[in-house]
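Chemist: Below is the sequence, then the predicted model.
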Amino acid sequence: MGEEAVEFSVEKVAKGCKQSAVDVGDKTFVIGSSDDDSKPPVIVKILGKRTQTWVVPTVLGTQPTLTKSQSAIPVNDEKILIIEKGVPLNESIWFLEIDTPFVKQQRKIKGTEVVSLSKGVIGVGQKPVVISGPSGVGKGTLIAKLMKDYPSKFGFSVSHTTRSPREKEIDGVHYHFTERSKIDKDISEGKFLEFAHVHGNVYGTSIEAVESVTDEGKRCILDIDVQGARSVRASSLEAIFIFVCPPSFEELEKRLRARGTETEEQIQKRLRNARAELDQSNSPGLFDHLLVNDDLEACYENLKKLLTLDDSQEDSIDFYIKDGKQTASYSIMSKNDSEILLQFETNEAKNGAASLLALDLSSLSGGAPGRTRGLKIRSINSF
Ligand SMILES: Nc1nc2c(ncn2[C@@H]2O[C@H](COP(=O)(O)OP(=O)(O)O)[C@@H](O)[C@H]2O)c(=O)[nH]1
Ligand SMILES: Nc1ncnc2c1ncn2[C@@H]1O[C@H](COP(=O)(O)OP(=O)(O)O)[C@@H](O)[C@H]1O
């Protein structure tokens, strides 16, 4: 557990200050913020009510960057809603997962008490797009065109890999080039959506890589192999899956050689793997669309058509969320079956902000180690 139990009592909590205490079952969860910049901003302590003992759990997940004070309420047996004060509204909604499947799994792996934070996001975002296909088929070329033509619409999921960078590749842009021991550690901590051994190296998509693109309001594009596509299909991430095929095996080999980025041995390995990938492209239920990349321009036009064909919609976010840059000071007022009422602290709407907001939790999706999406919010005004 690593951390010393600092002076801590429920009385101090009851005075309000910087902590909130929430009862769930036979435990009290005390959520507070740290003044120590060298420590994670959120501190959680758990009091076993029967045993009267404190436990300091490991706090996983992404943490808020600014934590001043907060109010908190249990959503159910699995998670607690936290509303941070003094930050923009779209930064203020967090969930502390105390007994979700992810937390249970991590508790088992670590053998210690674990909780996890997950940022709450209004709306669901557009479905990410998974693009797979054999090495040299033109995935990178198609994706680069899409990014260039629609920079504000699409964002690339930057994978981690243990392979060495090619001459023109930039760390953090094309890949996060990483050590095997580091990626293994991050995978064991549940930070990866998927990973696979491809052409002799480890490649993986971190949850943060996908979530950060969606956070920017962009549609996330993943360039991953067929094993990775299979893992994403099995995950909770709803995506559309596209397989890019070459017009012929000979043309694939020609492109791979013409690219000139691999040794002969690496080319042979990629060609062997290409046959297996092409075989798997027909696996039932795996890919939604197959695209043949013969003429590049024609293939690109077809890709663009596909991307407007799926049914995901832009989220309509109310103006006060869009203008949520202003500092919000909402606190939790009450809860019913599916809604939580938030009240502006001064009870006076500032700069057009609603004095009462209803947070609808009935269609949540995702969760730690990623974001919790599907929150709906509406104003209840004004009297
Ligand atoms: N599973 C998985 N595959 C990845 C990931 N990133 C890249 N790949 C795949 O790894 C393979 C090799 O990629 P790379 O070394 O860049 O070579 P290239 O495909 O020939 O350009 C390709 O099939 C990529 O789609 C990832 O995060 N996860
Ligand atoms: N339709 C196409 N016709 C001819 N060459 C292509 C076509 N699409 C891509 N290429 C070329 O083939 C090579 C491999 O493309 P690349 O995008 O790197 O493939 P991948 O990312 O799938 O490994 C590159 O040199 C690229 O310029």
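Modeler: Nice, thanks for sending it over. In this text, all values refer to a predicted model and were calculated from it rather than measured experimentally. Ligands and ions are numbered 1, 2, ... in the order given.

Chemist: Summarise which helices and strands the helix ranked longest in the chain is packed against.
Modeler: The residue-count maximum for a helix in the chain (DSSP state H) belongs to helix 264-280. Applying 3 or more Cβ pairs under 8 Å, 6 or more residues apart in numbering; DSSP states H and E, one finds that helix 264-280 contacts helix 226-234, helix 249-259. In short, each C-beta sits where N, CA and C put it, glycine included.

Chemist: which residues touch that helix?
Modeler: Helix 264-280 is touched from outside by 132-136, 198-200, 225-226, 245, 249, 252-253, 256-257, 262, 286, with contacts defined as Cβ atoms under 8 Å, 6 or more residues apart in numbering.

Chemist: can I get the CA coordinates of it in PDB?
Modeler: Taking Å, rounded to 0.1, in the frame of the first residue of the first chain, the C-alpha atoms of helix 264-280 are listed here in PDB:
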ATOM      1  CA  GLU A 264      15.100  -8.600 -46.900                       C
ATOM      2  CA  GLU A 265      14.600 -10.800 -43.800                       C
ATOM      3  CA  GLN A 266      12.000  -8.500 -42.400                       C
ATOM      4  CA  ILE A 267      10.200  -8.300 -45.800                       C
ATOM      5  CA  GLN A 268      10.000 -12.100 -45.900                       C
ATOM      6  CA  LYS A 269       8.600 -12.200 -42.400                       C
ATOM      7  CA  ARG A 270       6.000  -9.600 -43.200                       C
ATOM      8  CA  LEU A 271       5.000 -11.400 -46.400                       C
ATOM      9  CA  ARG A 272       4.500 -14.700 -44.500                       C
ATOM     10  CA  ASN A 273       2.400 -12.900 -41.900                       C
ATOM     11  CA  ALA A 274       0.400 -11.200 -44.700                       C
ATOM     12  CA  ARG A 275      -0.900 -14.500 -45.900                       C
ATOM     13  CA  ALA A 276      -2.200 -15.300 -42.400                       C
ATOM     14  CA  GLU A 277      -3.800 -11.900 -42.100                       C
ATOM     15  CA  LEU A 278      -5.500 -12.100 -45.500                       C
ATOM     16  CA  ASP A 279      -6.900 -15.500 -44.400                       C
ATOM     17  CA  GLN A 280      -8.300 -14.100 -41.200                       C
END
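
Chemist: ok, now which ones touch the residue of the chain most remote from its centre?
Modeler: Most distant residue from the mean C-alpha position of the chain: Glu250, 38.9 Å away (Cα atoms, centre = their mean). Taking Cβ under 8 Å, 6+ apart, we find Glu250 in contact with no residue.

Chemist: Could you pull out the buried residues of the longest helix of the chain?
Modeler: 267, 269-271, 273-274, 277-278, 280 (16 or more other Cβ atoms under 10 Å).

Chemist: Give me the subset of these that also touch ligand 1.
Modeler: Among the buried residues of helix 264-280, no residue lies close to ligand 1 (Cβ under 6 Å from any ligand atom).

Chemist: Tell me who's in contact with the nearest residue to Ser362 once chain neighbours are set aside.
Modeler: Counting by Cβ to Cβ, 6 or more residues apart in numbering, Ser362 lies nearest to Ser338, which is 4.0 Å off, once chain neighbours are set aside. The neighbourhood of Ser338, defined by Cβ under 8 Å, 6+ apart, consists of 360-362.

Chemist: tell me the phi and psi of Ser338?
Modeler: Phi and psi for Ser338, reported as degrees, to the nearest 10, are phi -130, psi -10.

Chemist: Give me the distance between it and ligand 1.
Modeler: Between Ser338 and ligand 1 the distance is 36 Å, computed by Cβ to the nearest ligand atom, to the nearest Å.

Chemist: now swap in Ala276 and tell me
Modeler: 11 Å.

Chemist: ditto for Val232
Modeler: From Val232 to ligand 1 the distance is 9 Å (Cβ to the nearest ligand atom).

Chemist: neighbours around that residue, how many?
Modeler: 22 (other Cβ atoms under 10 Å).

Chemist: confidence score at it?
Modeler: pLDDT recorded at Val232 is 94.

Chemist: Tell me who's in contact with it.
Modeler: Counted by Cβ under 8 Å, 6+ apart, Val232 has contacts 130, 193-194, 205, 222, 224, 239, 241.

Chemist: my guess is Gly61 meets Leu117, correct?
Modeler: Yes. Under the criterion of Cβ atoms under 8 Å, Gly61 makes contact with Leu117 at 4.0 Å.
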